[in-house]
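*Asks:* Coordinates for the following, if possible.
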Amino acid sequence: MIVAVIVAATISGGCMEKNGVEVDDEVLEEVREYADPVTENILMAMNENDYARYSEDFDQTMKNAMTEAVFDETNAVIRSKIGDYVSKEFWKAESKDQYTLVYYKAKFTDEPADVTVKVVFQELNGTMKVSGLWLNSPELRKP
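*Replies:* Numbering: from 1, shown residues only. Predicted coordinates:
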């Protein structure tokens, strides 16, 4: 299960269980301006096994949950199952309470199907920080 969910950081009492509301077009461009490069950075850092780069946009809760040791172990398992990150395509964005959920369909070298990448952002002190990160695919769900 740890493989399908990179980090299920505790996000205020399970508020992420229900789907959010789709972000409207006028906000979408703003969301993508921060979400696309941050997500690309995280995925490339996984390829390079670079924890400092991987976690640079995490909020403190994410950093506490995804320590370097947890990253090393989890990233090794993920890469053994789906290989290296190749590319991503924006899918959708939703808003839920103070969070913005951004979804991508990503390609990895050893996963024939799309890998769903879900990144949860929240604004902290005027900066968008990553509060949650999930990867899901058929290969990742295999025991």
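*Asks:* Contacts only, for T127.
*Replies:* Applying Cβ atoms under 8 Å, 6 or more residues apart in numbering to T127 gives no contacts. (Each C-beta comes from the backbone N, C-alpha and C, glycine too.)
*Asks:* for Y51, same thing?
*Replies:* A45, E68, F71, D72 are the contacts of Y51 under Cβ under 8 Å, 6+ apart.
*Asks:* Quick one: neighbours of A76, just the number.
*Replies:* If you count neighbours by other Cβ atoms under 10 Å, A76 ends up with 11.
*Asks:* next one: the one 5 residues further on
*Replies:* By other Cβ under 10 Å, the residues close to K81 number 19.
*Asks:* Please, which helix or strand holds the residue nearest to it when sequence neighbours are not counted?
*Replies:* Leaving aside its sequence neighbours, K81 sits nearest to E139 (Cβ to Cβ, 6 or more residues apart in numbering; 4.8 Å). Here E139 sits within helix 138-141, counting by DSSP states H and E.
*Asks:* for V77, same thing?
*Replies:* Using DSSP H and E, V77 falls in helix 68-82.
*Asks:* what is the mean pLDDT for that helix?
*Replies:* Average pLDDT, helix 68-82: 95.
*Asks:* quick one: whatever helix or strand comes next after that helix to helix 68-82, angle?
*Replies:* Sequence-wise, the next helix or strand downstream of helix 68-82 (DSSP H and E) is strand 85-96. Strand 85-96 runs at 120 degrees relative to helix 68-82, counting by axes from the mean of the first three to the mean of the last three Cα atoms, to 10 degrees.
*Asks:* counting contacts, what elements does strand 85-96 pack onto?
*Replies:* Helices and strands touching strand 85-96, by 3 or more Cβ pairs under 8 Å, 6 or more residues apart in numbering; DSSP states H and E, are strand 21-22, helix 25-48, strand 99-108.
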